[in-house]
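> let's see this in three dimensions:
(chains A and B)
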Protein chains: 2
Amino acid sequence: MLRVNEQDGKFVCVGLDPDVDPAAGMLPPALRDCPDKVTSIDELTHGIVNGVGSAAAAFKPNLGFYFRHGTRGIDLLIRLIAHIRTRAPEALVILDCKSGDIDKTAEQYAVAAFETCGADAVTVNPYMGEDAIVPFAKYKDKGVFVLCRTSNPSAARYQDAIQADGQPLYIHVARDMVALNETYGNIGLVVGATSREPVVRVREVAPELPLLIPGFGKKQGGLIADIVPFARPGGHGIFLANLSSDFGKAWQDQFNMSVSKGARAKHSDVEAEIARALIQPARS
Amino acid sequence: MLRVNEQDGKFVCVGLDPDVDPAAGMLPPALRDCPDKVTSIDELTHGIVNGVGSAAAAFKPNLGFYFRHGTRGIDLLIRLIAHIRTRAPEALVILDCKSGDIDKTAEQYAVAAFETCGADAVTVNPYMGEDAIVPFAKYKDKGVFVLCRTSNPSAARYQDAIQADGQPLYIHVARDMVALNETYGNIGLVVGATSREPVVRVREVAPELPLLIPGFGKKQGGLIADIVPFARPGGHGIFLANLSSDFGKAWQDQFNMSVSKGARAKHSDVEAEIARALIQPARS
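Numbering: from 1, shown residues only, chains lettered A, B, ... in the order given. Purely as a prediction, here's the structure:
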């Protein structure tokens, strides 16, 4: 699934969750004259992609931020993915749609994500079991990141709930996905960076699955030095460290920096931080 | 949340999951000359809405079937919801998007569903906990149907998993939603019709919450006479019985029947079956 591998030393996933509401702090002065929100989102997201380009391992637009703007938002999403292909042909494009529906509907979402939008991978919610996952996994050259332990505060309510065997639900999901991956070969897991334990425990039961790790960065607070050494124990199992709003806001870090330059500088910083973390021994 | 209530005797939710692939059997001869798939979906869905009209309690378009067709599909979805408003102003429009994402993203989906698309209610996946639900529930005049026990074969894998207190996960979800409903007053539950036990058990812990019950009909096999007497025990708790492909295929029931006439006849049959079931005592 992951065309970008460890040999390239690329681990950064650039989340494209453009929120141009003034409170979100993503809109630099130069874009405030855009005639409407969709145009400013267009400029913002293209600016980030142009800035980071083929240095990124992956780009991950989240469907909700585009669907909100109706047909124009979906048009922008499709054009944005095509633009990523041009600027960063080796990068993985993950459509973050957290799909979770019965088989016949999951088939529709798979067409939407992989054919209509042209994404390489999706995120999928496991609550309905494998019926919701297999229609995506059947696309052998595409990838499926299944939500395992997410990074939000209320994730613990059901995901950490202890099951009859004494293990939390998310460990059951991880084990089932290891089994499903034996059939399909293109399954990964989403495990949040906001605490270390889930990453450590998931790596124990799923040492070889690709991990997509959101929750790094200023807002959610996961620290690369805390998590990354555990994301790839023993040299096995690729991972992608996702940051979203940090890229959208990076232009703030220096007066008058463009969106592109800000995103490029942020990417370099994150990549260097990951490189340092990877040569550290994992300390429990 | 439910503007259509028991006094009206309306319990039927018309699922609008248009699949015009020939194998799905939804496309009558008269629509096979449409210039493309989106046009035939447009004709099919408008035909169903025109046929059932204000006799339905609710209409439920599933996002996946529209998103699949990109910007034209989303345009169709928005126009279809506007058309339902005209033809059936009292019917509830449920956007079946099974959203399940962190708070800032759930806010985007809430705008998409309630403002951009103009829906009255949505379906939401609880795997991430209440962070994924509250941004929708904050729209006090809208409704949120939370997936509890779904109708698909692999639903049991996690939803029926026994928790530390001996109860299945879906009962925990039902109880939590009863508590959340005390704050917001607009929470309902999705409980599939394919077996009786979940409906009976959910009604024990959530007697007052609206239930959206998919899985009735030819394909999934839930029988109205088996389920409906348990969906409203003691006269409490409204429910919506959902059928999807049965409406799309109803034109087949009689030679040369139009989509509209077929859907209207199907609705009358289902409504009568529910009325008969409601006067039966619940037999365990």
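
> centre of the chain to the helix or strand where residue A:84 lies, how far?
Assessed by DSSP states H and E, residue A:84 sits inside helix A:70-87. For helix A:70-87, the separation from the chain centroid amounts to 17 Å (computed by CA atoms, centre = their mean, to the nearest Å).

> stretch A:112-123 too?
Counting by CA atoms, centre = their mean, stretch A:112-123 comes out at 14 Å from the chain centroid.

> thought residue A:146 was touching residue A:124?
Yes. Here residue A:146 reaches residue A:124: they are 5.2 Å apart, a contact under CB atoms under 8 Å. Using the backbone N, CA and C atoms, a C-beta is placed for each residue, glycine as well.

> thinking again about what came up before, who does the helix holding residue A:84 touch, helix- and strand-wise?
helix A:37-52, strand A:58-61, helix A:63-67, strand A:92-99, helix B:70-87 (3 or more CB pairs under 8 Å, 6 or more residues apart in numbering or on different chains; DSSP states H and E).

> 6 Å - rerun?
On a contact count with 3 or more CB pairs under 6 Å, 6 or more residues apart in numbering or on different chains; DSSP states H and E, helix A:70-87 meets helix A:37-52, helix A:63-67, helix B:70-87.

> list the contacts of the shortest one.
If I follow you right, that is helix A:63-67. A:17-18, A:73-74, A:76-77, A:97, B:105, B:108-109, B:112 (CB atoms under 6 Å, 6 or more residues apart in numbering or on different chains).

> wasn't residue A:197 part of a helix?
Yes. Secondary structure of residue A:197 (DSSP: H, G, I helix; E, B strand; the rest coil): part of a helix.

> circling back: what comes up buried for the helix holding residue A:84?
Neighbour-count burial for helix A:70-87 flags A:70-78, A:80-81, A:83-84, A:87 (criterion: 16 or more other CB atoms under 10 Å in any protein chain shown).

> just stretch A:15-35 next, same as before
For stretch A:15-35, a neighbour-count test (16+ other CB under 10 Å) marks A:15-20, A:26-28, A:31, A:34 as buried.

> hang on, isn't residue A:18 packed against residue A:45?
Yes. Applying CB atoms under 6 Å as the test, residue A:18 and residue A:45 come out as touching, 5.3 Å apart.

> what does stretch A:180-195 rub up against?
Outside stretch A:180-195, the residues within contact range by CB under 6 Å, 6+ apart are A:1, A:137, A:143-151, A:177, A:198-199, A:202, A:209-216, A:220, A:222, A:227.

> now, which of these lie within strands?
Residues of these located in strands (DSSP state E): A:143-149, A:211-213.

> TSV for these, including pLDDT, neighbour count and distance to residue A:261?
Listed next are the ones in strands among the contacts of stretch A:180-195 as TSV, based on pLDDT from 0 to 100; neighbours: other CB atoms under 10 Å in any protein chain shown; distance: CB to CB, whole Å:
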residue	pLDDT	neighbour count	distance to residue A:261
A:143	97	26	31
A:144	98	28	34
A:145	98	27	30
A:146	98	27	36
A:147	98	26	34
A:148	98	28	35
A:149	98	25	35
A:211	95	25	30
A:212	96	28	27
A:213	96	27	26
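
> for the residues you listed, give me TSV that also has distance to residue A:270.
TSV is the format used below for the ones in strands among the contacts of stretch A:180-195 (distance: CB to CB, whole Å):
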residue	distance to residue A:270
A:143	22
A:144	25
A:145	19
A:146	24
A:147	23
A:148	22
A:149	22
A:211	16
A:212	15
A:213	12
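
> and which of these is nearest chain B?
residue A:147 (6.2 Å; CB to the nearest CB).

> ok, now how distant is the closest one from residue A:64?
Going from residue A:147 to residue A:64 by CB to CB, to the nearest Å gives 15 Å.

> how about residue A:122?
Distance from residue A:122 to residue A:64, by CB to CB: 14 Å.

> what does residue A:164 give?
Going from residue A:164 to residue A:64 by CB to CB gives 35 Å.

> ok, these two, which is more surrounded?
More crowded of residue A:164 and residue A:64, by other CB atoms under 10 Å in any protein chain shown: residue A:64, with 26 against 11.

> quick check: closest non-adjacent residue to the more buried one.
residue B:108 (3.8 Å; CB to CB, 6 or more residues apart in numbering or on different chains).

> okay, now that neighbour: neighbour count?
Around residue B:108 there are 25 residues (other CB under 10 Å).

> helix, strand, or coil at it?
Put simply, residue B:108 is helix when judged by three-state DSSP.

> picking that back up, can you narrow the contacts of stretch A:180-195 to ones near chain B?
Near chain B, taking CB under 6 Å from any CB of the partner chain as the test, the members of those found are residue A:150.

> wait, residue A:122 sits on residue A:98?
No. Using CB under 6 Å, residue A:122 makes no contact with residue A:98, being 8.5 Å away.

> okay, the residue in the stretch 1-150 of chain A that chain B sits nearest to: pLDDT?
Closest contact between the stretch 1-150 of chain A and chain B, by CB to the nearest CB, is at residue A:129 (2.8 Å). Residue A:129 is assigned 98 on the pLDDT scale.

> chain B contacts on the stretch 151-284 of chain A?
Near chain B, when you scan the stretch 151-284 of chain A using CB under 6 Å from any CB, you find A:152, A:154-155, A:157, A:161-164.

> identify, from these, the entry nearest to residue A:252.
Closest approach to residue A:252 among these (CB to CB): residue A:152, at 24.3 Å.

> make sure that closest one is actually in contact with residue B:101.
No. Counting by CB under 6 Å, residue B:101 is not a contact partner of residue A:152; they are 8.6 Å apart.

> which one of the two has more residues nearby?
Neighbours per residue (other CB under 10 Å) separate residue A:152 from residue B:101, with residue B:101 holding more: 28 against 23.

> quick one: the more buried one from chain A, how far?
In this view, residue B:101 and chain A are 5 Å apart by CB to the nearest CB, to the nearest Å.

> so, low pLDDT: which residues of the stretch 101-250 of chain A?
Scanning the stretch 101-250 of chain A for pLDDT under 70 picks out the ranges A:233-237.

> what segments of it are helices?
A:103-110, A:134-137, A:156-159, A:169-184, A:196-205, A:224-231, A:245-248 (DSSP state H, counting those that start in this stretch).

> with distance to residue B:261 added, can I get the ones you listed in a markdown table?
Shown next, in a markdown table, are the helices of the stretch 101-250 of chain A (distance: least, CB to CB, whole Å):
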| stretch | distance to residue B:261 |
| --- | --- |
| helix A:103-110 | 25 |
| helix A:134-137 | 33 |
| helix A:156-159 | 45 |
| helix A:169-184 | 44 |
| helix A:196-205 | 54 |
| helix A:224-231 | 59 |
| helix A:245-248 | 52 |
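
> just name the most buried of those.
Scoring the helices of the stretch 101-250 of chain A by mean neighbour count under mean count of other CB atoms under 10 Å in any protein chain shown gives helix A:245-248 as the most buried, with a mean of 26.

> and it, what does it pack against?
In terms of contacts (3+ CB pairs under 6 Å, 6+ apart), helix A:245-248 is packed against helix A:259-279.

> in the helix it packs on, what's buried?
Neighbour-count burial for helix A:259-279, with 16+ other CB under 10 Å as criterion, is recorded at A:259-267, A:270-271, A:273-274, A:277-278.

> how near is the residue of the stretch 151-284 of chain A found nearest chain B to residue B:126?
With CB to the nearest CB as the measure, residue A:154 is the residue of the stretch 151-284 of chain A nearest to chain B, at 2.8 Å. Distance of residue A:154 to residue B:126, given as CB to CB: 9 Å.

> between those two, which is the more surrounded one?
Comparing residue A:154 with residue B:126 by neighbour count (other CB under 10 Å), the higher total belongs to residue B:126, at 28 against 19.

> surely the more buried one touches residue B:146?
Yes. Counting by CB under 6 Å, residue B:126 does reach residue B:146; the two are 5.3 Å apart.

> once you drop chain neighbours, what's closest to the residue in chain A sticking out farthest from the centre?
What lies farthest from the middle of chain A is residue A:164; by CA atoms, centre = their mean that is 31.2 Å. Distances taken as CB to CB, 6+ apart place residue B:162 nearest to residue A:164, at 5.0 Å, with adjacent residues excluded.
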